[in-house]
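A.B. asks: Sequence and predicted model, in that order:
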Amino acid sequence: MSKVAAPMTEDRLLEAARNGDEPAFARLIETYRRELHAHCYRMLGSMYDADDAMQEATLRAWKSIGRFEGRSSLRSWLYTIATNTCLTQIQRRPKRVLPIDYGPATDPLQGPGQPITETVWIEPYPDSDLEDGLAGPEASYEQRESVELAFIAALQHLPASQRAVLILREVLGFSAKEVAATMETSVASVNSALQRARASIEERVPDQSQAQTLRTLDDAEIEEIVKTYVDAWERNDVEAVVALLTEDAAIAMPPLASWFGPRDQFETFLRNFPMNGQIKWKMKITTANGQPAFGAYAWDESEQAYMAFALNVLTFRGDKISDVVAFAIKEIDAEAQERYHRWDTMGTDETRLANTFARFGLPDRL
């Protein structure tokens with residue numbers, strides 16, 4: 001009778017990986033891939049930059065696994081590599097922001113302009129793989145809170161080292177000693193950086209997170225508000241949309257720099273552009289960044305289908321919508337801008353759009 005092979009524990013996989021077993025290493029990494037990817041997103045503000053960082057961090061880890069001596073946990077070691085990979089990326093590119101942090105509100109009668117050619121915008125994040133609750137006993141932010149748009153936007157304003165310290169301490173719950181080892185600095189420096197980072201974050205995020213806000217509503221109430229909102233869009237019913245907005249509500253559409261608010265300006269923009277009756281809309285509800293969201297699809301006569309257009313992420317205050325960020329996937333290279341004169345006729349980056357929608361469980365057409 002043949003013996004049943006012993007299960008491959010993390011220790012056995014680690015030993016095999018140290019000896020050059022690449023499949024064993026791949027299994028080790030897969031255990032931590034989701035949480036490491038979310039960490040890279042918090043650091044970089046971009047789902048696609050997080051993909052690149054994960055690829056680079058995985059390669060670095062594979063090259064170094066033979067030298068891993070177990071002085072820290074494997075998880076802590078992997079986070080050190082991922083963090084340093086992100087810090088290197090941050091040095092190479094501009095800070096990512098949301099349009100409301102990029103410039104003043106736009107005259108709603110001017111309508112949307114052209115996309116900014118630089119890659120400066122925060123991107124949405126699929127939260128379906130995130131765990132609920134805290135990552136560790138010392139963490140201050142729940143996992144879903146830590147990818148909310150307001151929090152991600154606030155993180156990007158921090159100096160890179162402060163950003164890393166705050167995420168490692170407050171989101172992931174690593175000790176000050178562990179973070180000091182990761183950052184190759186002292187515990188005192190970590191504590192000082194954390195204090196400064198906390199003060200900056202508190203100035204930029206709402207008093208109540210989206211997780212806290214949404215817990216004041218029951219699931220059925222949230223579902224009804226979102227359904228009412230998207231139904232109104234499909235009917236081009238501006239009054240019904242506006243009735244669901246806070247007085248200071250704003251809408252933005254990265255990669256466009258323009259944004260429109262407060263509510264009366266929001267309304268004027270809707271009436272003159274996306275809800276003027278010239279576009280037929282269909283919507284499909286999902287979630288993103290721990291918040292209610294929906295895919296917007298615009299009718300394309302040549303395709304005889306509703307084609308994916310933008311992923312809209314909703315921010316609530318009480319039972320009203322205070323902010324809408326519609327992440328449109330548009331061609332942003334200079335050559336493309338010369339071919340089109342306005343946002344509503346500008347070409348779509350079809351491959352990137354399909355890939356983006358797929359990651360949120362959405363089709364690229366209806």
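C.D. replies: Sure, I can see it. Numbering: from 1, shown residues only.
A.B. asks: So which elements touch the helix or strand where Tyr48 lies?
C.D. replies: Following DSSP states H and E, the helix or strand that holds Tyr48 is helix 47-64. Under the contact definition 3 or more CB pairs under 8 Å, 6 or more residues apart in numbering; DSSP states H and E, helix 47-64 sits against helix 22-44, helix 74-91. Any C-beta I mention is one placed from the backbone N, CA and C, and that applies to glycine too.
A.B. asks: List the buried residues of that helix.
C.D. replies: For helix 47-64, the buried set under the neighbour-count rule, 16 or more other CB atoms under 10 Å, comprises Met47, Asp49, Ala50, Ala53, Met54, Glu56, Ala57, Thr58, Ala61, Trp62.
A.B. asks: quick one, what contacts Arg365?
C.D. replies: Tyr297, Glu303, Ala305, Tyr306, Met307, Ala308 (CB atoms under 8 Å, 6 or more residues apart in numbering).
A.B. asks: What of Glu267?
C.D. replies: Glu267 is in contact with Val238, Val242, counting by CB under 8 Å, 6+ apart.
A.B. asks: what do you get if the cut-off is 10 Å, keeping everything else the same?
C.D. replies: By CB atoms under 10 Å, 6 or more residues apart in numbering, Glu267 lies in contact with Pro108, Val238, Glu239, Val241, Val242, Leu245, Ala249, Phe260, Met275.
A.B. asks: That one and Ser258, how far apart?
C.D. replies: Separation of Glu267 from Ser258 (CB to CB, to the nearest Å) stands at 16 Å.
A.B. asks: Where does pLDDT dip in the chain?
C.D. replies: By pLDDT under 70, the low-scoring segments of the chain are 1-7, 114-118, 330-349.
A.B. asks: what about 90?
C.D. replies: The chain contains residues with pLDDT under 90 at 1-8, 10-11, 69-72, 93-95, 110-120, 127-144, 255-257, 300, 328-355.
A.B. asks: the strands in it, which residues?
C.D. replies: For the chain, the strands defined by DSSP state E occupy 245-252, 259-260, 281-288, 291-300, 305-317, 320-328.
A.B. asks: that older thread, closest one to Trp281 out of the contacts of Arg365, please.
C.D. replies: Within these, proximity to Trp281 (CB to CB) peaks at Tyr297, which comes in at 6.8 Å.
A.B. asks: if I read this right, the closest one contacts Met283, doesn't it?
C.D. replies: Yes: counting by CB atoms under 10 Å, Met283 is a contact partner of Tyr297 at 7.0 Å.
A.B. asks: shared neighbours, the two?
C.D. replies: Glu234, Tyr306, Phe309, Leu366.
A.B. asks: Not counting its neighbours along the chain, what's nearest the last one?
C.D. replies: Spatially, and ignoring its direct neighbours in sequence, Leu366 is nearest to Tyr306 (4.1 Å; CB to CB, 6 or more residues apart in numbering).
A.B. asks: That neighbour and Ala328, how far apart?
C.D. replies: 15 Å.
A.B. asks: Just give me the neighbour total for the nearest residue to Gln212 once chain neighbours are set aside.
C.D. replies: The shortest distance from Gln212 to any non-neighbouring residue, by CB to CB, 6+ apart, is to Glu145 (8.0 Å). Glu145: 20 surrounding residues under other CB atoms under 10 Å.
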